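Undergrad: Quick one, what's the 3D model for this:
(one chain, ligands or ions: 2)
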Amino acid sequence: MAGNGVFVDIIEGDVFKYYSEGEWKKSASGKSVAIINPTTRKTQYKVQACTQEEVNKVMEVAKAAQKSWSKTPLWKRAELLHKAAAILKEHKAPIAECLVKEIAKPAKDAVTEVVRSGDLVSYTAEEGVRILGEGKFLVSDSFPGNERTKYCLTSKIPLGVILAIPPFNYPVNLAVSKIAPALIAGNSLVLKPPTQGAVACLHMVHCFHLAGFPKGLISCVTGKGSEIGDFLTMHPGVHCISFTGGDTGVAISKKAGMIPLQMELGGKDACIVLEDADLDLAAGSIVKGGFSYSGQRCTAVKVVLVMESVADTLVEKVNAKVAKLTVGPPEDDCDITPVVSESSANFIEGLVMDAKQKNATFCQQYKREGNLIWPLLLDNVRPDMRIAWEEPFGPVLPVIRINSVEEGIHHCNASNFGLQGCVFTKDINKAILISDAMETGTVQINSAPARGPDHFPFQGIKDSGIGSQGITNSINMMTKVKTTVINLPTPSYTMGKL
Ligand SMILES: NC(=O)C1=CN([C@@H]2O[C@H](COP(=O)(O)OP(=O)(O)OC[C@H]3O[C@@H](n4cnc5c(N)ncnc54)[C@H](OP(=O)(O)O)[C@@H]3O)[C@@H](O)[C@H]2O)C=CC1
Ligand SMILES: O=C(O)[C@H](O)COP(=O)(O)O
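TA: Residues are numbered from 1 along each chain as shown. Ligands and ions are numbered 1, 2, ... in the order given. Okay, here's the model as predicted:
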């Protein structure tokens, strides 16, 4: 159970503590933030509402801890990360329980998230040892006008203090995808977890604490993003921000100082289905891609663009699969569980009502109880409907019928987002042409969009983000190239020559 066993230190009374200077602390604010269980809509947990002074302290100790951590041998950093990964996996049950209660993630998926996170940490340790152990060696005489008098050695050095802000939907996995690269690269890390998902994050941080990382190297401050977010992101002690979430990221990028930003934001991933597609494969992928975790994935299929000639058959196949989805509480491991908050459910309902008013075809009856929304496929959606462009982040999927591939690509590229997309066809040549034409960070051929496996590059263009994630890219992003140039008095290849 949350806050029990090895986790007993992280809670006092009914409020979870925050983590600073290697210790679990109560905030001087005396205030707490409630975490509402999306299923019961009652307060499940409480976390500290940290103050600006506490943020200042965390930044100060992060700076000092980073100095000695950057001198810690790479293999030792890797060893600690492997240890943390093992502890995390060992305690997957209580952490997964938090995910069930805080964000209504289906029970099995919650366990998968924790195990995947442990694997991500281990892989990052190994990748870090490999890529940070390598540098470049350049000689000067390859550039016009130079003799061979300069030897240039490059290596990668840490940035300093990394601020990590993950979203609610993968609070543990999208936190460690920032923490592990930051640490292996020699940085310190300040985590601001999402409010929904904060308690799962605090448990995860305790696993790093148990692994024995130096004091102050990792900190975790809790509080509402709307209250402490700006103070954190504009803090002069931060040298890099790694953020995953919605439009908040766009606002952060406008306010942050001259520091590297890694932004993974929203998406409206399109699924283009051609006449020659394997329609069973497409239907299965659309249901999995559109409805897993109730559509609350940035990489969810968020609009289907299907050729008119196969649309009836595809819609029929998708509907047959939608009918089999189980709907209910996450504890029962249902496919469709309550969405994260009442405001999110209201937003989704707004999109559905707009589509209804504009005469979309409802393949199922719209049904909602509290935050639980039954899966809904909307056929014959047209571009004047909001659902054609906005991301519901819920179990509602629009189908737009198209008469040409160009029409599909045009719709995809007219979006403000450009995260992922997918195309279903048996013609690989066509698939490649479509992939090149789609303005998205990734295109999947004959499968639904997905971030994983976690070592693949993951990036969005336009409003979907800045930079690229994936283990290797994140490690590189959290480092800076340092060069040392050896200047020779005479060209190095002269000795021994006549
Ligand atoms: N491209 C990607 O990889 C992913 C994108 N997303 C996108 O994220 C959205 C849903 O996630 P959600 O968590 O609701 O996104 P939000 O943008 O609302 O929140 C993300 C994080 O930002 C914090 N935050 C809120 N306000 C501020 C602020 N002013 N300064 C700094 N941090 C702040 C939140 O804290 P708090 O919870 O306390 O408000 C949370 O930790 C969707 O749009 C989705 O597409 C989600 C996952 C992956
Ligand atoms: O937040 C998200 O939606 C994730 O980045 C998606 O991850 P997945 O595609 O591996 O589920």
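Undergrad: looking at it, Ala388 is touching Val303, isn't it?
TA: Yes: with contact defined as CB atoms under 8 Å, Ala388 reaches Val303; the gap is 6.6 Å. Yep, even glycine has a C-beta here, placed from its N, CA and C like the rest.
Undergrad: Now the common contact residues for the two.
TA: 381, 398, 400, 411 (CB atoms under 8 Å, 6 or more residues apart in numbering).
Undergrad: Out of those, who's the most crowded?
TA: Pro398 (27 neighbours; other CB atoms under 10 Å).
Undergrad: For that one, give its distance to Val304.
TA: Distance from Pro398 to Val304, counting by CB to CB, to the nearest Å: 7 Å.
Undergrad: next one: Ile400
TA: According to CB to CB, Ile400 stands 7 Å off from Val304.
Undergrad: one step back: from the shared contacts of Ala388 and Val303, pick the one nearest ligand 1.
TA: The shortest approach to ligand 1 among the shared contacts of Ala388 and Val303 belongs to Pro398, at 16.0 Å (CB to the nearest ligand atom).
Undergrad: Let's verify the closest residue to that closest one other than its chain neighbours: helix, strand, or coil?
TA: Nearest non-adjacent residue to Pro398, counting by CB to CB, 6 or more residues apart in numbering: Val381, 3.9 Å away. At Val381, secondary structure determined by DSSP: H, G, I helix; E, B strand; the rest coil is coil.
Undergrad: Relative to Cys363, how far out is Val381?
TA: Remark: distance between Val381 and Cys363 (CB to CB) = 11 Å.
Undergrad: With Val8 instead?
TA: Counting by CB to CB, the gap from Val8 to Cys363 is 49 Å.
Undergrad: which stretch of helix or strand covers Thr72?
TA: Under DSSP states H and E, no helix or strand contains Thr72.
Undergrad: rewinding a little: kindly provide the distance from the residue nearest to Pro398 to ligand 2.
TA: From Val381 across to ligand 2, the span is 22 Å (CB to the nearest ligand atom, to the nearest Å).
Undergrad: ok, that residue - contacts?
TA: Listed by CB under 8 Å, 6+ apart, the contact set of Val381 reads 303, 355, 360, 387-388, 398-400.
Undergrad: for Ser285, same thing?
TA: 271, 301, 422, 424, 446-448.
Undergrad: how about TSV for those residues, with neighbour count added?
TA: TSV is the format used below for the contacts of Ser285 (neighbours: other CB atoms under 10 Å):
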residue	neighbour count
Cys271	28
Val301	27
Cys422	30
Phe424	27
Asn446	16
Ser447	16
Ala448	23
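Undergrad: Widest-spaced pair of those residues?
TA: Across the contacts of Ser285, no pair lies farther apart than Val301 and Asn446, at 13.2 Å, counting by CB to CB.
Undergrad: before we move on, the earlier item: just give me the closest of the contacts of Val381 to ligand 2.
TA: Val303 (15.8 Å).
Undergrad: Tell me who's in contact with the closest one.
TA: Listed by CB under 8 Å, 6+ apart, the contact set of Val303 reads 268-271, 381, 388, 397-400, 411.
Undergrad: ok, so of the contacts of Ser285, who is nearest ligand 1?
TA: Val301 (12.8 Å).
Undergrad: partners of the closest one in the sheet?
TA: Beta-bridge pairing for Val301 (DSSP bridges): Asp269.
Undergrad: and it, what does it touch?
TA: Shown in contact with Val301 (CB under 8 Å, 6+ apart): 269-271, 285-286, 289-290, 397, 422, 448-449.
Undergrad: Of those residues, which belong to helices?
TA: Applying DSSP state H to the contacts of Val301, the entries found in helices are 285-286, 289-290.
Undergrad: in what helix or strand does the most centrally placed residue in the chain lie?
TA: For the chain, the residue nearest the mean C-alpha position is Leu174 (4.4 Å; CA atoms, centre = their mean). Here Leu174 sits within helix 173-184, counting by DSSP H and E.
Undergrad: Ligand 1 contacts on the chain?
TA: Counting by CB under 6 Å from any ligand atom, the chain comes close to ligand 1 at 165, 167-169, 194-195, 224-226, 229-230, 233, 244-246, 248, 252, 264-267, 298, 391, 393, 419, 460, 465.
Undergrad: just checking, which of those residues belong to strands?
TA: 165, 244, 264, 465 (DSSP state E).
Undergrad: ok, the first one - how many residues close by?
TA: Using other CB under 10 Å, Ile165 has 25 neighbouring residues.
Undergrad: What residues of the longest helix belonging to the chain count as buried?
TA: The helix that spans the most residues within the chain, counting by DSSP H, is helix 107-131. By neighbour count with 16 or more other CB atoms under 10 Å, helix 107-131 contains the buried residues 107, 109-114, 116-125, 127-129, 131.
Undergrad: quick one: is it near ligand 2?
TA: No: using CB under 6 Å from any ligand atom, helix 107-131 stays clear of ligand 2, with a minimum separation of 8.1 Å.
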